[in-house]
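Colleague: Could you look at this predicted model? Sequence included:
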Amino acid sequence: MSSTSTQGGDSPADAGQAITLRILSSLKDVSRESWDRVANPGWKLSGRGSLTTDDDCKSLKDLSGVLAREFEPTSEETSFNPFLSYDFLEALESSGCATNATGWMPRHMLLQDENETVLGAVPAYLKSHSQGEYVFDHGWADAFYRAGGDYYPKLQISVPFTPATGRRFLTGPGVNREAGLQALAAGLVQVCQKTGASSVHATFLSKGEWDTLGDLGYLRRTDQQFHWENHGYEGFDSFLADLASRKRKAIKKERKEALCADGIEVEWVTGSDLTEAHWDAFYEFYLDTGSRKWGRPYLNRDFFSLINERLAERTLLVLAKRHGRYVAGALNFIGSETLFGRHWGCTEHHPFLHFELCYYQAIDFAIAKGLKRVEAGAQGAHKLARGYLPATTYSAHWIAHEGLHDAVADFLEHERRAVERENEALADHAPFKNREVT
């Protein structure tokens, strides 16, 4: 389906151009180049995920200029995010992880000019459940069902199974960022109404998108994660020196105990060193964790093979080996500024090995590669003592039914205040010394 409008002075493209909104039932219906141009403007992927800057934007300063004319972009607006890439999102579809059969029906939106040039895009899915999202609305669905309403299908704007912050309303170089976002947001409401969906849910947004969507009538929601920030550390000891003495000693003890079992060694495996044998080992770890946490893991083995083919240079496996056999591992994805921790698992249980592979090794890698932060995934206040500080995450929700809209709006008003108070309280207990935590 598509809709056409004539452009005016505040249009996403040049004045006078007509734009259309096009809905895709598969990412294969758009070229990789067209999608990536708006998903990660200023960046190019080649080979197995080698990352270079685009000739259109020679620097992040130039990139910031073409991305936004209405507000100052954050690093989330200008940095490379592997989860938004065509290679990652299409791998979810081709592997069968995010398809009609799994309740993730692709309904990606494109914003095109009269020459069918892609100006913007939104990764969107028509969903028959609320699994794999990490922003929980099961209570809303249950309440609406008890009142006689149908909450599903709903329109989900997200990267499936991936609680990582980034842009969701994607616009490319030369596009007025604010106008493009408004056109895409309005288009999603049209899609929602025409498909009979109850609502639109955009999760793990950038702060700028969250602010704009609120102004457009979407309900705003916040939640909490824990992120580690690199303050120019020269090494792990430099980071430890920034901590209070008691916390510093506790971390040193944990790292020592994690690696004290006979024969345990830790490896970083990335890029051309990654093989199918590594993925076989990690998939066994992933299945163990997934079966214990949510019954049925969301990702299949084919997905990891596709990632190995397409994004090996953007992927880091931190693996623990004992007596020549891999016994635990953590999967990370590498952005231009951020290391994203995603999955962990093991076949042998050793004290503190989870903390070592998921948190401390991630810090080591980020420092070594000059990355600005580590996002360690959803939830987990236990990360605070390990140098990961509370960070607010953002989502926005458009709900068609007036009664449900009003009830959710009231709930979110209270929830936002609670999240803010909890973040402030946790920040007061941060392990750092002689530095104000922001």
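Modeller: Yep, it's here.
Colleague: so residue 26 sits right up against residue 89, yeah?
Modeller: No. The pair residue 26 / residue 89 is not scored as a contact, 10.6 Å apart, by Cβ atoms under 8 Å. Glycine gets a C-beta too; all of them are placed from N, C-alpha and C.
Colleague: Tell me which of those two has more neighbours.
Modeller: residue 89 (21 against 13; other Cβ atoms under 10 Å).
Colleague: SS state for that one?
Modeller: helix (DSSP: H, G, I helix; E, B strand; the rest coil).
Colleague: what does residue 332 give?
Modeller: Residue 332 ends up strand, using three-state DSSP.
Colleague: Bridged to it, which residues?
Modeller: residue 316, residue 341 (DSSP bridges).
Colleague: didn't it look like it was pressed against residue 340?
Modeller: Yes. Using Cβ under 8 Å, residue 332 is in contact with residue 340, at 6.1 Å.
Colleague: For those two, work out which one has more neighbours and name it.
Modeller: Counted by other Cβ under 10 Å, residue 332 and residue 340 do not tie: residue 332 has more neighbours, with 28 against 25.
Colleague: For the stretch 101-250 of the chain, which segments count as strands?
Modeller: Here the stretch 101-250 of the chain has its strands, by DSSP state E, counting those that start in this stretch, at 104-106, 108-113, 118-122, 124-127, 154-157, 170-171, 199-205, 219-229.
Colleague: Mind listing the strands the fourth one pairs with, and their directions?
Modeller: Just to be clear, that refers to strand 124-127. Sheet pairing for strand 124-127, assigned by DSSP bridges, gives strand 104-106 (antiparallel), strand 154-157 (antiparallel).
Colleague: I would like the C-alpha coordinates for it, written out in CSV, please.
Modeller: What follows is strand 124-127 as a C-alpha-only set of coordinates in CSV (Å, rounded to 0.1, in the frame of the first residue of the first chain):
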residue,chain,number,x,y,z
ALA,A,124,8.1,-2.6,11.2
TYR,A,125,6.3,-5.9,11.9
LEU,A,126,2.7,-6.8,12.3
LYS,A,127,2.6,-9.0,15.4
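Colleague: distance between it and the chain's centre?
Modeller: 16 Å (Cα atoms, centre = their mean, to the nearest Å).
Colleague: who touches that strand?
Modeller: Outside of strand 124-127, the residues within contact range by Cβ atoms under 8 Å, 6 or more residues apart in numbering are 98, 103-109, 152-158, 160, 188, 191, 195, 197.
Colleague: any idea which helix or strand comes after whichever helix or strand residue 282 is part of?
Modeller: In the assignment (DSSP states H and E), residue 282 maps to helix 276-293. Downstream of helix 276-293, the next assigned helix or strand under DSSP H and E is helix 301-311.
Colleague: For that following helix, report the contacting residues that lie outside it.
Modeller: 45, 48-49, 82, 85, 87-88, 91-92, 94-97, 274-276, 279, 282-283, 315, 333.
Colleague: Can you give me the pLDDT of the residue lying closest to residue 166 once chain neighbours are set aside?
Modeller: Among residues not flanking residue 166 along the chain, residue 81 sits closest, at 4.1 Å (Cβ to Cβ, 6 or more residues apart in numbering). Note on residue 81: pLDDT of 97.
Colleague: now do residue 321
Modeller: Looking at residue 321, its pLDDT stands at 96.
Colleague: show me the contacts for it.
Modeller: Going by Cβ under 8 Å, 6+ apart, the list of residues near residue 321 reads 264-267, 327.
Colleague: so where is the stretch 51-200 of the chain shaky, pLDDT-wise?
Modeller: Scanning the stretch 51-200 of the chain for pLDDT under 70 picks out 55-77.
Colleague: Dump the strands of the stretch 101-250 of the chain into CSV; add distance to residue 248 and mean neighbour count as well.
Modeller: Output for the strands of the stretch 101-250 of the chain, formatted as CSV (distance: least, Cβ to Cβ, whole Å; neighbours: other Cβ atoms under 10 Å):
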stretch, distance to residue 248, mean neighbour count
strand 104-106, 44, 22
strand 108-113, 47, 23
strand 118-122, 44, 26
strand 124-127, 44, 25
strand 154-157, 42, 26
strand 170-171, 42, 28
strand 199-205, 32, 26
strand 219-229, 15, 20
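Colleague: okay, those in a markdown table with distance to residue 366 next?
Modeller: Shown next, in a markdown table, are those (distance: least, Cβ to Cβ, whole Å):
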| stretch | distance to residue 366 |
| --- | --- |
| strand 104-106 | 31 |
| strand 108-113 | 31 |
| strand 118-122 | 29 |
| strand 124-127 | 31 |
| strand 154-157 | 28 |
| strand 170-171 | 26 |
| strand 199-205 | 20 |
| strand 219-229 | 7 |
